[in-house]
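[1] got a predicted structure here, sequence first:
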Amino acid sequence: MSATVGYDDSPSQKQFSVELKSDTLKGLVNIISALVDEVKFSITPEGMTLKAVDAAHVAMIEVKVDKGAFESYYAEDCEIGLDLDKVKGVLKLASGVDLMRMEQDPSTGRLVFKIGNITREMAVLDPSSFSDPKVPDLHLKANIGISVDELKRGISAADTISDHITMKANPERFELSCEGDTDSVSLSVEKSALVDLSTDSEVCSMFPLDYFSNIIKAVPGGTVINIELDNDYPMKLLFGIADKHVSVNYLLAPRIESE
Amino acid sequence: MSATVGYDDSPSQKQFSVELKSDTLKGLVNIISALVDEVKFSITPEGMTLKAVDAAHVAMIEVKVDKGAFESYYAEDCEIGLDLDKVKGVLKLASGVDLMRMEQDPSTGRLVFKIGNITREMAVLDPSSFSDPKVPDLHLKANIGISVDELKRGISAADTISDHITMKANPERFELSCEGDTDSVSLSVEKSALVDLSTDSEVCSMFPLDYFSNIIKAVPGGTVINIELDNDYPMKLLFGIADKHVSVNYLLAPRIESE
Amino acid sequence: MSATVGYDDSPSQKQFSVELKSDTLKGLVNIISALVDEVKFSITPEGMTLKAVDAAHVAMIEVKVDKGAFESYYAEDCEIGLDLDKVKGVLKLASGVDLMRMEQDPSTGRLVFKIGNITREMAVLDPSSFSDPKVPDLHLKANIGISVDELKRGISAADTISDHITMKANPERFELSCEGDTDSVSLSVEKSALVDLSTDSEVCSMFPLDYFSNIIKAVPGGTVINIELDNDYPMKLLFGIADKHVSVNYLLAPRIESE
C-alpha cells in the first residue's frame, strides 16, 4: 500500500492544505458535534465558516474560523463535508502530538490528515447534500457576560429536576432555574459576580435543557460566554475559542408554554 | 421564579436550619445508603438520630449525629424523611464547595439546600411512613478493633469465592474466610496487628457477604471499626466518622447453616 | 476454617513453591490472556514454559520464564493448569503489595497464593486436558526492531478502518497500513526511527487486526519488539518482559487474499 505516494509539499497543486494544533481542531469539533454529526465547511483563502441546524430545527450554530487559527493556511474557495465522528477518531491519534496537517487530495477528493508518521485518508461528504440555513438577525434586550463554569454548575444542578431550564435577567442579577413537580433548583448570580450584565427590564425565557446542556458542556472551561436574552424569544450564545480565532454564534429556540 | 424569596437568615422562624461541611453530609449519606434508600431523621436541639432496617430485616443501622458535626446548628424537635438518592445528587453540586446550608421551609415543608449561589428545594417524605425499629441490646463475647482498610482487602479477596463470609476470633487472631466449592480465601490478622482483640474463647459466625461488603465499602479509609462477635449470633459494628461527631452502630444477622 | 493449617515453610515437602513480584505475574498473565483464557505451565527446576494456541488456530504463543524472574524459586518437574481470569482476580488483591508467594499444596493439589496476610487457594485445571502445540521453526526474510509504543499508535489509527492490517518492510522503512472501502490509514516508520531493520527485499503480509491488536496492547510500554516478516507468511513477534527474564515468541498466521 502506498497511501502517501502522490503527495508533495507544494501547495500550488492543492485546493486546501493547512497545518493546525490538534487542540484547535478538537475544540472546534466538540462545539459543532454538540448539535450535528455531519457538517459542511465553506472554505475561502481567508478562513472557514459553517452553519448548521439540528434535525428538529430547535437550534442553529454558526462558526467562523479565521486563518489565524492555523499554523499555516493555504486554501482556494471550496466546500468540504465531514463526518464529525470520524474526525473525532482521528483526533484520538493526536494525543500528545501538537501539530497536524490537513490536505485535500486533488485526485481522489479525500481529506488527508498527517499526524506525525501516521497518514489518514478520509472520504468526504457531498457538499450539495447540506442545506444552507439562514441565520436570523436578532436584537435581544438583555446581554449577560458569564463564565461558562458557572453555567456548567447550573446545568448539573438542574439535571434531574426537569427537561426545561428558565433563564431570567434583570438589572441586578442573572438566574437559571428549573421547576419540577416536587423539587426545584436555582442558580442566582449577582451583577457583581458577572462579567457583564446590561438590561433595562426583566426578561425571561424557557429553553430545552438538553440542547443548552450539550453546547455548554462542549465549551472549554474558563471561556466567557455572552448570552443575549429576551421574553419568550430565542437565546443567543456568543463566544470565542482557540484564542478567539474561532467565533461561535449559537441560537436556541425557546419553549413557549401553552396556556 | 423566586425560589429564594421568603427566606431570611433569622433562625427563629425555622424549625431546622443548619450549616455543615459537604464532606460530613457525604460521609453520612454513604453510610446510610449502604443499607436503605430512604430514611427518617429524628431531630432535636442537640442533634439528629436515625434508625433503619433493610426490607429483608437482615441488618439494622443506628446513627447519632451530635450538633458538633455542624458548623452552625439550630433545630426544634422535628422529623424529616429523605430520599437519599436525591441528596446524593445535591452533594455532586458541592464538589469543591466546603460549606452548605440545609433549612426546612416552614411554609412548604421542603428541605432547602444552599450551596454557594445554588438553591435546591427538595420535597421531603412523610415521617409517619417510616417504622421505628427497636435496636436490640446485645452482649457479645469477642471484641475486635481493626482498621477498615484490612476489612476492605478481605472483602475484595472474598468477592468471587462465595456469597458468605465467616468471621472468627480467638485470643491470638482474627480471621475472615470464604469457602467455595473448589477455591477458598482467608485473611488472618494476628493480635499484634489489630487495634484491639479481647475474647476468652474462640467465636465464629457466618454472614451474608453482600451486606458486610456494602457497609464496609461505605466507611472512609483509615477508620477503626469495633467488631463485636459471638457464636452464630449477630455481629455488631461500631465506628465514628466526621471526627467522631457521627457514631454508627450496625447490626448484621448471621447465616445459620442448617444441618 | 483453617485454610492455612498444614502449610509450613520447608520447601522440601512441596513440588512447587516460589516467591515473585506481583508485577511480574501481572505482566505474564496479561500477555498470555491476550490469546487464551486457560493455560498449562510446564515447570522444571530451572523455570517455567508454556505453549498455547487459540481455538481458531490463528495464533500461537510460547513463553519461557527463567527462575531469575522469581525472588525465590523451588520446583520439581510438574505441570499446572490455570484459569487466567481467576489469577487476574488474585492479582487485584496484590495492588500495593510487592511480593507474593505461590505454592502447590501437595495434599489437595490446589495452588496457594499468599499475599500479605491473605491466603487464596485455587483449584488447578487438569494438565492432560491441554494440547502441546508444536511451534514451527520459521526462517523469515525481514527483521524489524521497533518500540511497542509505535505499534500501539498504529493500531489505534487502524481501529475503525478495516478488520485487517498490512505489514510491509523494505530496506528503507517499515509500514503498517489499513485499507477500507472509503478510508485508509498508514503508519510509516523510516529506518532511522527503528531500533533495527534488516531485509534485502520488500516483504508484505496481511494479518487479522484483532489478534495483532490484542497482543500488542498487552505488551508493557517501552518494550522493544522484534518483528519477523515475509511475503504472505506468518509473522513472528519476539520480546522480553520482566527484565527479559520472561521471553515471548508469538506467531500469527497471515490472511491470504483469495483471487
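    Cool, got the structure.
[2] quick one: name the residues of chain A near chain B.
    A:150, A:153-154, A:156-157, A:159-160, A:166, A:168, A:175, A:177, A:179, A:182-190, A:193 (Cβ under 8 Å from any Cβ of the partner chain). C-beta coordinates here come from the backbone N, C-alpha and C atoms, glycine included.
[3] and these near chain C, which?
    Filtered for proximity to chain C (Cβ under 8 Å from any Cβ), these leave an empty set.
[4] just the buried members of those?
    For the residues of chain A next to chain B, burial is judged from neighbour counts taken by 16 or more other Cβ atoms under 10 Å in any protein chain shown, and it is met by A:150, A:153-154, A:156-157, A:166, A:168, A:175, A:177, A:179, A:183-189.
[5] the residues you listed in helices, which ones?
    With helices taken from DSSP state H, the overlap with those comprises A:Glu150, A:Arg153, A:Gly154, A:Ser156, A:Ala157.
[6] what sits up against the helix or strand encompassing A:Met60?
    Assignment of secondary structure by DSSP states H and E places A:Met60 within strand A:59-66. Around strand A:59-66, the neighbours that count as contacts under Cβ atoms under 8 Å, 6 or more residues apart in numbering or on different chains are A:28, A:31-32, A:35-36, A:46-54, A:133, A:135, A:211, A:215, A:242, A:245-253.
[7] in chain A, which residue sits closest to chain B?
    Closest contact between chain A and chain B, by Cβ to the nearest Cβ, is at A:Thr182 (3.5 Å).
[8] look up how far chain C lies from that residue.
    Taking Cβ to the nearest Cβ, to the nearest Å as the measure, A:Thr182 and chain C are separated by 42 Å.
[9] same question, A:Asp98
    If you measure A:Asp98 against chain C using Cβ to the nearest Cβ, the figure is 15 Å.
[10] follow-up on the earlier one: gap between the strand holding A:Met60 and the chain center?
    On the basis of Cα atoms, centre = their mean, to the nearest Å, the separation between the geometric centre of strand A:59-66 and that of its chain is 6 Å.
[11] kindly report the same for stretch A:148-166.
    19 Å.
[12] and it, average pLDDT?
    Averaging pLDDT along stretch A:148-166 yields 92.
[13] what about it, how long is it end to end?
    End-to-end span of stretch A:148-166 (Cα to Cα, to the nearest Å): 17 Å.
[14] the helices in chain A, which residues?
    Counting by DSSP H, one finds helices in chain A at the ranges A:22-33, A:84-93, A:148-158, A:209-218.
[15] these: which one's closest to B:Pro106?
    Closest to B:Pro106 of the helices of chain A is helix A:148-158 (Cβ to Cβ; 23.4 Å).
[16] report the angle between the axes of the closest one and helix B:84-93?
    Here helix A:148-158 points in a direction 180 degrees away from that of helix B:84-93 (axes from the mean of the first three to the mean of the last three Cα atoms, to 10 degrees).
[17] from the contact counts, what lies against helix A:148-158?
    Contacts defined by 3 or more Cβ pairs under 8 Å, 6 or more residues apart in numbering or on different chains; DSSP states H and E place helix A:148-158 against strand A:164-169, strand A:173-179, strand A:184-190, helix A:209-218, strand A:224-229, helix B:84-93, strand B:118-122.
[18] now the second one: mean pLDDT?
    Yep, that's strand A:173-179 we're talking about. Mean predicted lDDT for strand A:173-179 stands at 96.
[19] ok, that strand: who's next to it in the sheet?
    Strand A:173-179 has these partner strands in its sheet, going by DSSP bridges: strand A:164-169 (antiparallel), strand A:184-190 (antiparallel).
[20] nearest residue to A:Ser147 in space, please, no chain neighbours.
    By the measure of Cβ to Cβ, 6 or more residues apart in numbering or on different chains, the closest residue to A:Ser147 outside its immediate chain neighbours is A:Val224, 5.9 Å from it.
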